[in-house]
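1. sequence first, then the predicted structure:
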Amino acid sequence: MAQLKDKIIDLIGYPMNLGADKYGPELGPAALRTAGIKSNLRQCGYNVIDNGDITVHGKIEDENTNPKMKHHENVILSSTSLAERVEDSLLKNRFPLVLGGDHSMALGTIAGVSSYCKNNGKHLGVVWIDAHADMNTDETTPSGNIHGMPFAASLGFGNNILTGIYGFSNKIKSENCSLIGIRDVDDGEQALINKLNFPTYTMEQVKREGITKVTKKMLNKLVENVDFLHVSFDIDSIDPKLAPGVGTTVPNGFNEDEINILMKMIAETGLVKSLEITEINPILDINNISSEFAVKTSAFLMR
Ligand SMILES: [Mn+2]
């Protein structure tokens, strides 16, 4: 897209693992750089600036003050730095591409994007590509891990420690969001999805109807009301045979054609203005193939 090619891509590393409460995701930014994310984007014709990694606070060994929202103090502290960085990038008319890090990062990314949109008259939509719904709250969570809560929190559901990050709540509206690729949803998450009549496109639906038809349906609904799309791309949406290096593998994910078509069709809206790549765990990977796959497929989103 000519419009996007004129922009500078701001690479922002976010080596966060507290939301997963597990070692590995903090190595994601390095793994994605090693897989050639910069050279790949430059070959596609983009100007890329690598801003290095954001300093994250705290560590897994720290004592948990709340087992239903593990490490929330440090998750919030670091996410706030991320939100500032993302908003600053957008204010400079750049394209923030955040390299995670576990999915708690979306608290910060979406806070920054949403703040920018609110202050600049933009209508924000989010496409969330994930095997999971990330729609738990501190009341429904089976694990207490915050990486299962960022979508609910961004929508304004859950504890106000999470929903109120960056000084305001309700970062996004459910009717302007969509969730695609899900195949492992907790009961509490399903209850919230049902209550909100939330637009979800399951992997089962993708396999049954085909990716083109499902994506068309999703985007038709979405583009009606938004002029700014943020894409939150969880690598566990991809089939574990192609991307085994994630914290929580779920079988029967997107195959290569499906994920590439999804990315291309989202790109064709011309509305993609920010992206995060999340949940890579290089410790569980095989020769960095998951990061290499993520780099290749996300390039389709940037065309
Ligand atoms: Mn996720």
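-> Now that the structure is in, tell me what you want to look at. As the structure is a computational prediction, the values presented were derived from the model and not from experiment.
2. tell me how many other residues crowd Cys117.
-> 23 (other C-beta atoms under 10 Å). Quick note: C-beta positions are derived from backbone N, CA and C, even for glycine.
3. that one is in contact with His123, isn't it?
-> Yes - contact criterion C-beta atoms under 8 Å: Cys117 and His123 qualify, at 7.0 Å.
4. need the residues touching each of the two.
-> Phe228 (C-beta atoms under 8 Å, 6 or more residues apart in numbering).
5. measure the residue of the stretch 201-303 of the chain found nearest the ion to Arg183 for me?
-> Of all residues in the stretch 201-303 of the chain, the one sitting closest to the ion is Asp234 (3.7 Å; C-beta to the ion). As judged by C-beta to C-beta, to the nearest Å, Asp234 and Arg183 stand 12 Å apart.
6. and the two? Which one has more around it.
-> Asp234 (26 against 19).
7. ok, now which ones touch that one?
-> Asp234 sits next to 103, 128-132, 134, 246, 278-279 when contact means C-beta under 8 Å, 6+ apart.
8. recalculate using a threshold of 7 Å.
-> Applying C-beta atoms under 7 Å, 6 or more residues apart in numbering to Asp234 gives the contacts 103, 129-131, 278-279.
9. Ser291 now?
-> Residues near Ser291 by C-beta under 7 Å, 6+ apart: 31-32, 34-35, 245, 280, 282, 285.
10. 10 Å instead?
-> 27-37, 99, 235, 243, 245, 277, 280, 282, 285 (C-beta atoms under 10 Å, 6 or more residues apart in numbering).
11. got it, and Thr249?
-> 131, 184, 236, 238-241, 243, 281, 284.
12. can you verify my assumption that Glu276 contacts Ala294?
-> No - using C-beta atoms under 10 Å, Glu276 is not in contact with Ala294, being 11.3 Å away.
13. mind putting the contacts of Asp234 in TSV, distance to Val206, secondary structure and neighbour count included?
-> What follows is the contacts of Asp234, written out as TSV (distance: C-beta to C-beta, whole Å; DSSP: H, G, I helix; E, B strand; the rest coil; neighbours: other C-beta atoms under 10 Å):
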residue	distance to Val206	secondary structure	neighbour count
His103	20	coil	32
Ile129	11	strand	25
Asp130	13	coil	25
Ala131	12	coil	27
Thr278	20	strand	32
Glu279	19	coil	30
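14. would you list the residues you listed in a markdown table and tack on pLDDT?
-> Shown next, in a markdown table, are the contacts of Asp234 (pLDDT from 0 to 100):
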| residue | pLDDT |
| --- | --- |
| His103 | 98 |
| Ile129 | 98 |
| Asp130 | 98 |
| Ala131 | 98 |
| Thr278 | 98 |
| Glu279 | 98 |
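15. quick one: which of these is nearest Ile259?
-> Checking those against Ile259 by C-beta to C-beta gives Ile129 as the nearest, at 8.0 Å.
16. shouldn't that closest one be in contact with Met263?
-> Yes - counting by C-beta under 10 Å, Ile129 touches Met263, with 8.8 Å between them.
17. joint contacts of the two?
-> Residues touching both Ile129 and Met263 (C-beta under 10 Å, 6+ apart) are 231, 233, 254, 301.
18. in strands, which of those fall?
-> 231, 233 (DSSP state E).
19. for the shared contacts of Ile129 and Met263, which one is nearest Ser143?
-> For those, the nearest to Ser143 is Phe233 (21.8 Å; C-beta to C-beta).
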